[in-house]
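Participant: Structure, please.
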Amino acid sequence: MINRNIAPQTIIPNKVEFLQPEELLSSLSEGFKMYGFYSPNAPVVKLDFIFNAGVEYQTKPLQAVFANSLIKEAPIGKNPDEVAEFFDFYGSYIEAFAGIDTAGLRLYVPSKHFVDVIHLLIEIILNPLLPVQEFELMQKKYFQSIQNNLKKTKYVAMRGLNLEFFGESHPLGYMVEPNDVNNVNYDDVVDFVRKYYKLDNCTALISGDYNPDMVNSLRDALDSKQTKRQNQVIINPSGFSKNIKVYNFDDAVQSSIYGGIDLGNPSDEDRLYLNVLNTVFGGYFGSRLMKNIREDKGYTYGIGSFISETNNSTLLKIVSDVGVDVTNQAIAEIYKEIDLLKTEIISDEELNLVKNYMIGDLISSLDGVIPNAMVFEKLLARGRTMNYIDAQVEAIMSITPEIVLEYAQKFFNTEKMCIVVAGKN
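Facilitator: Next up is the predicted model:
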């Protein structure tokens, strides 16, 4: 009979299996790259077209978001309703996505219908209609959406922290206002699409049950006559204030807390160890922040931290919603946990638990061909390859309590700490 008082033995793998991407269509156009992750397990294909066209590249608020939303509507010569019906008929779906530095379109399609739909998708990307009527509807929708968001403490705190980090002149720091939807005009969006949504400014990822015929049909659909890649826009962060910033909501019952530390420009090796340090601090359900502020103090239902990377910065961010009556106490406990990491060495037992969690989470994130492709997409945005995963495993396995202490002392500088509160303080 199993003795349930004894925990089962755990083993930490010293290697994580992952798929290496296959390079495809490498000679199609200068600057264009395409990678494939093949799996016959499900008759589905996911195709991503990723452009250097994120928020960092815009010259006006909402320009990148409007461009990304508008480009997927239809190609020249067709209307949005026709396009939507066409993809529905073949059981496929197009999704637009826009982030800090990249944006693009993502297609989900049954393998048997890939050849049927790919020509229309390429036509949408390379010859977009950009309908004026849809742009005007989008303006109205975003005006209302921004008004609603500015009533939410979590949104205001998040945007407020970015303002402190980057400054109001930076695309990532500017606090979007409802009237901004009227300050970006249709010509601004058209110019953005023409400048950044080009084949030589693109990386494509295909994953799932694809075959050579599909790749050839994609080659046939793509037009290689594209202009050269535009120079990357580089805007340096302006630094941030040491003060706690408060956005008052008189009727708030909870305060949204967004905190952050500028980690500078750490090397890839430093980032790997910082990931472990962050997991200890607030990166999973058993973290220091969760045990203290949620389980012990009961100030919140959840609190966490994560490391955010952009082209020009690496930031530690801390996020939580707490009762308005314990806002200051929660902030004090965040500082306390940082100080403990910088002054007291972590136990082997706690660090081994974190190692188990991180290896398990890494294995789970690579369970299947499409998850592999999604991981690769994130690595690609930072100029890394799938071999970075081996380096992650090595860092997790090799880190010691002494290294955790060293990195906390080196990078968790509370003098650079910024806290933004939306609610009551």
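
Participant: any chance you could map the helices in the stretch 51-200 of the chain?
Facilitator: 63-71, 80-89, 114-126, 132-149, 153-166, 180-183, 186-196 (DSSP state H, counting those that start in this stretch).

Participant: which one of those helices has the most crowded surroundings?
Facilitator: helix 63-71 (a mean of 24; mean count of other Cβ atoms under 10 Å). Using the backbone N, CA and C atoms, a C-beta is placed for each residue, glycine as well.

Participant: what's in contact with that one?
Facilitator: 53-55, 57-58, 96-98, 103-105, 124-125, 128, 130-131, 134-135, 138, 142, 171, 184, 188-189, 192-193, 196-197 (Cβ atoms under 8 Å, 6 or more residues apart in numbering).

Participant: and that helix with helix 186-196, angle?
Facilitator: Orientation of helix 63-71 against helix 186-196 (axes from the mean of the first three to the mean of the last three Cα atoms, to 10 degrees) gives an angle of 90 degrees.

Participant: now the angle between helix 132-149 and helix 63-71, please.
Facilitator: Going by the same axes, to 10 degrees, helix 63-71 makes 130 degrees with helix 132-149.

Participant: Let me have the helices of the stretch 51-200 of the chain in JSON lines, adding mean pLDDT and distance to Tyr38 as columns.
Facilitator: Listed next are the helices of the stretch 51-200 of the chain as JSON lines, based on pLDDT from 0 to 100; distance: least, Cβ to Cβ, whole Å:
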{"stretch": "helix 63-71", "mean pLDDT": "95", "distance to Tyr38": "28"}
{"stretch": "helix 80-89", "mean pLDDT": "92", "distance to Tyr38": "23"}
{"stretch": "helix 114-126", "mean pLDDT": "93", "distance to Tyr38": "13"}
{"stretch": "helix 132-149", "mean pLDDT": "93", "distance to Tyr38": "36"}
{"stretch": "helix 153-166", "mean pLDDT": "91", "distance to Tyr38": "38"}
{"stretch": "helix 180-183", "mean pLDDT": "93", "distance to Tyr38": "43"}
{"stretch": "helix 186-196", "mean pLDDT": "94", "distance to Tyr38": "29"}
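
Participant: Compare these and report which one is nearest to Val215.
Facilitator: helix 114-126 (9.8 Å; Cβ to Cβ).

Participant: Need the contact partners of the closest one.
Facilitator: 45, 47, 49, 71-76, 83, 86-87, 90, 92, 94, 105, 107, 109, 197, 199, 210, 213-214, 217-218, 220-223.

Participant: Just the buried ones among these, please.
Facilitator: 45, 47, 49, 71-75, 83, 87, 92, 94, 105, 107, 109, 197, 199, 210, 214, 217-218, 221-222 (16 or more other Cβ atoms under 10 Å).

Participant: Just give me the residue closest to the centre of the chain.
Facilitator: Nearest residue to the geometric centre of the chain (Cα atoms, centre = their mean): Gly99, 6.5 Å.

Participant: Look up how far Tyr155 lies from the nearest residue to that one once chain neighbours are set aside.
Facilitator: Here the nearest residue to Gly99 in space, its sequence neighbours aside, is Gly54; by Cβ to Cβ, 6 or more residues apart in numbering that works out to 5.0 Å. Look at Gly54 and Tyr155: by Cβ to Cβ, to the nearest Å, they are 19 Å apart.

Participant: With Gln409 instead?
Facilitator: Distance from Gln409 to Tyr155, by Cβ to Cβ: 34 Å.

Participant: go on, Asn278?
Facilitator: According to Cβ to Cβ, Asn278 and Tyr155 sit 23 Å apart.

Participant: likewise Leu126?
Facilitator: Separation of Leu126 from Tyr155 (Cβ to Cβ) stands at 35 Å.

Participant: Next: Pro128.
Facilitator: With Cβ to Cβ as the criterion, Pro128 and Tyr155 are 30 Å apart.

Participant: Just the helices from the stretch 301-425 of the chain, written as ranges.
Facilitator: Going by DSSP H, counting those that start in this stretch, the stretch 301-425 of the chain shows helices at 327-343, 348-365, 369-381, 388-398, 401-411.

Participant: any chance of those helices in JSON lines, with distance to Glu269, mean pLDDT and mean neighbour count too?
Facilitator: Formatted as JSON lines, these follow (distance: least, Cβ to Cβ, whole Å; pLDDT from 0 to 100; neighbours: other Cβ atoms under 10 Å):
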{"stretch": "helix 327-343", "distance to Glu269": "19", "mean pLDDT": "94", "mean neighbour count": "17"}
{"stretch": "helix 348-365", "distance to Glu269": "16", "mean pLDDT": "94", "mean neighbour count": "15"}
{"stretch": "helix 369-381", "distance to Glu269": "15", "mean pLDDT": "90", "mean neighbour count": "19"}
{"stretch": "helix 388-398", "distance to Glu269": "7", "mean pLDDT": "94", "mean neighbour count": "17"}
{"stretch": "helix 401-411", "distance to Glu269": "11", "mean pLDDT": "96", "mean neighbour count": "17"}
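
Participant: mind putting those helices in CSV, distance to Asn5 included?
Facilitator: Shown next, in CSV, are these (distance: least, Cβ to Cβ, whole Å):
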stretch, distance to Asn5
helix 327-343, 32
helix 348-365, 18
helix 369-381, 36
helix 388-398, 29
helix 401-411, 29
